[in-house]
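In: Got a sequence here, can you model it:
(one chain, ligands or ions: 1)
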Amino acid sequence: MNDFSNNPYFELFTKQYQNQFNIGNSTYKKRIKKLNRLQYAIESNYRMEIQEALSKDLGKPVVETELTEVYAILGDIKHAKKHLKQWMKKHKVDTPLSMLGSSSHIKFQPKGVCLIISPWNFPFNLTFGPLVSAIAAGNTAIIKPSEMTPHSSSLMAKIISDVFTEDEVALLEGEVEVSTELLKLPFNHIFFTGSPQVGKIVMTAAAKNLASVTLELGGKSPTIVDTTANVDKAAKKIMWAKFLNCGQICVSPDYVLIDESIKTEFIQSCKKWLHIFYNDNPKTSDSYGRIVTNKHFERLNSYLENAKTLNAKFEVGGETDSTSKYIEPTIISDLKPEAQLLQEEIFGPILPIVTYESLDLAIVYVNSKPRPLALYIYSKSKANTKKIIDNTRAGGTCINNSVLHYANHNLPFGGVNNSGIGKSHGFDGFRAFSNERSVLKQHTFGVTELLFPPYSGFKEKLARLTIKWF
Ligand code: NAD
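Out: Numbering: from 1, shown residues only. The predicted structure follows:
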């Protein structure tokens with residue numbers, strides 16, 4: 001057994017460890033009461049402070065905060081409250097005839113003490129969302145939010161200490177070192193949202209204690225627009241999805257793959273919708289956000305410089321301002337394959353346009369990259385849509401829309417391989433934080449007892465019959 005006593009967070013961990021059965025055996029009514037307290041805090045007590053914190057951290061417009069943070073969390077809470085009684089019920093399953101006299105069910109039990117590590121792009125949504133699932137499933141949780149959004153993290157610390165005792169839910173602010181120390185502790189489950197690079201670090205740390213993991217990661221999510229698509233409607237939805245939160249969304253359309261013949265029409269429509277959304281000068285628009293930190297601004301700026309060096313064509317935008325961490329909505333075409341914009345996850349307001357000669361080649365292009373978190377299809381052709389879905393792999397897909405699959409609680413949300421492991425949201429989130437315990441109960445004499453030793457010719461025949469008929 002490892003000695004964790006020197007770990008700075010061992011005392012907190014131990015408090016939760018000792019409290020886990022108390023929390024874990026709580027009724028659905030008690031769990032709903034906790035969710036109600038969290039709901040009240042977000043909906044009423046702290047709503048204005050949430051708006052202020054996000055404005056300071058990300059320049060987030062109030063409408064975006066309401067829709068993508070407050071509404072999203074309240075939606076998670078309401079959905080969990082509505083279905084929790086059903087989720088917690090034992091799920092009966094069939095028992096084979098060869099086990100006559102017994103019955104079977106699955107009991108969802110909490111994993112125990114959980115660690116939630118969250119990113120900065122939707123600080124409240126991506127911290128409280130997993131927390132709702134953890135509470136619904138009856139766990140205790142230690143949360144480590146991102147150091148990149150300090151106003152949001154410190155407000156979340158205040159909310160958590162207001163709503164919970166630390167032997168149930170605690171939030172630790174701080175730099176990466178805090179996560180590094182926490183990851184050494186023997187958590188029962190780790191729910192991480194962030195980049196694939198850090199996801200590998202988390203999974204390596206989890207392996208030392210054989211903790212289960214949910215990894216909600218990112219990557220380059222393609223958007224395919226084929227010749228049958230309504231180009232103007234596609235442009236409208238893609239412009240909205242790409243520049244929402246300044247492109248800092250895990251399911252943001254990373255690049256557009258479009259049939260060569262409709263590229264010019266598409267770019268014209270994009271220009272029209274950008275003008276409608278953000279006026280002539282997005283810098284003065286109340287509807288457009290900013291880049292989170294100087295480091296991320298520099299990273300995105302270097303992608304733009306790299307594109308210029310490679311003589312790419314700036315179709316729209318390109319203006320930047322380091323003092324306000326502003327990057328204009330930018331669309332770039334004619335990029336060489338080695339351009340950083342086509343190699344790295346962009347996570348910012350820059351959209352590369354890549355043209356294709358045939359849908360088959362578009363599919364080859366998608367499959368030449370790691371499996372994405374989302375893949376969007378704009379097409380009126382059922383055959384083309386089916387072809388793309390059947391011949392690619394992605395965490396999720398929207399057809400003739402972008403991003404919205406994230407918002408349906410009844411769909412599992414998550415990636416595949418490089419874009420993630422495991423699923424979240426709704427019942428899938430509850431499931432991620434639960435151990436599905438198999439229970440088989442023997443009611444009467446079981447026929448399997450007829451096959452116990454000592455073995456005889458008769459038992460050999462019986463074994464053969466069982467294999468043949470049951
Ligand atoms: P990140 O991986 O840099 O950081 C995420 C969290 O991990 C932060 O809390 C950070 O403090 C912590 N962290 C960073 N380095 C660490 C280390 N070495 N050891 C332990 N912990 C460490 O990601 P980010 O920049 O905050 O977010 C952007 C990434 O997250 C993008 O790749 C994006 O696609 C992805 N993302 C995914 C989802 C999803 O639901 N799948 C949602 C949002 C963001």
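In: Could you tell me how far stretch 170-180 lies from the centre of the chain?
Out: Its chain's C-alpha centre lies 20 Å from the corresponding centre of stretch 170-180 when counted by CA atoms, centre = their mean, to the nearest Å.
In: start to end distance for it?
Out: Using CA to CA, to the nearest Å, the gap from the first to the last residue of stretch 170-180 comes to 17 Å.
In: Could you list the domains of this protein?
Out: Segmentation of the chain into domains, based on automatic domain parsing, reads 10-217+421-437, 222-414.
In: Which among these is found nearest to residue 460?
Out: Comparison of these against residue 460 by CB to CB identifies domain 10-217+421-437 as nearest, at 15.9 Å. Just so you know, the C-beta spots here come from the backbone N, C-alpha and C atoms, and that holds for glycine as well.
In: touching the ligand at all, the closest one?
Out: Yes: applying CB under 6 Å from any ligand atom, one finds that domain 10-217+421-437 is in contact with the ligand at 117-121, 126, 144, 146-147, 176, 179-180, 193-195, 198, 201, 216-217.
In: now the domains of the chain as JSON lines including mean pLDDT?
Out: Listed next are the domains of the chain as JSON lines, based on pLDDT from 0 to 100:
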{"stretch": "domain 10-217+421-437", "mean pLDDT": "97"}
{"stretch": "domain 222-414", "mean pLDDT": "97"}
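In: Mind putting the ones you listed into a markdown table with mean neighbour count?
Out: Supplementary listing: these in a markdown table, determined by neighbours: other CB atoms under 10 Å:
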| stretch | mean neighbour count |
| --- | --- |
| domain 10-217+421-437 | 19 |
| domain 222-414 | 19 |
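In: Under a three-state scheme, what state does residue 81 occupy?
Out: Secondary structure of residue 81, reduced to three states by DSSP: H, G, I helix; E, B strand; the rest coil: helix.
In: ok, now which ones touch it?
Out: In this structure, residue 81 makes contact with 32, 35, 36, judged by CB atoms under 8 Å, 6 or more residues apart in numbering.
In: What is the neighbour count of the residue in the stretch 201-350 of the chain positioned nearest to the ligand?
Out: Distances between the stretch 201-350 of the chain and the ligand by CB to the nearest ligand atom are smallest at residue 218, namely 1.8 Å. The burial metric for residue 218, expressed as a neighbour count using other CB atoms under 10 Å, is 27.
In: what packs against the helix or strand harbouring residue 15?
Out: Residue 15 is part of helix 10-24, with elements assigned from DSSP states H and E. With contacts defined as 3 or more CB pairs under 8 Å, 6 or more residues apart in numbering; DSSP states H and E, the packing partners of helix 10-24 are strand 102-110, strand 113-117, strand 140-144.
In: Direction included, what does the second one pair against?
Out: Looking back up the chat, that one is strand 113-117. Within its sheet, and counting by DSSP bridges, strand 113-117 is paired with strand 140-144 (parallel), strand 189-193 (parallel).
In: who's in contact with the following helix or strand past the first one?
Out: The one in question is strand 140-144. Per DSSP H and E, strand 140-144 leads on to helix 150-163 as the next helix or strand towards the C-terminus. Among residues not part of helix 150-163, those counted as contacts by CB under 8 Å, 6+ apart are 34, 37-38, 41-42, 45-46, 49-50, 52-54, 56-57, 120, 123-124, 127-128, 143, 145-147, 169-171, 173.
In: Work out the sheet partners of whichever helix or strand comes after helix 150-163 and label each with its direction, please.
Out: Toward the C-terminal end, the helix or strand that comes next after helix 150-163 (DSSP H and E) is strand 169-171. Neighbouring strands of strand 169-171 in its sheet, by DSSP bridges, are strand 140-144 (parallel).
In: Show the end-to-end separation of stretch 309-316, please.
Out: Using CA to CA, the end-to-end distance of stretch 309-316 comes out at 17 Å.
In: what's in contact with the helix or strand hosting residue 130?
Out: Residue 130 is part of helix 125-136, with elements assigned from DSSP H and E. Applying CB under 8 Å, 6+ apart, the external contacts of helix 125-136 come out as 31, 34-35, 38, 42, 68-69, 72-73, 76-77, 80, 84, 87, 114, 116, 118-119, 141, 143, 145, 156, 169, 191, 193, 214, 216, 424-425, 429-430, 432-433.
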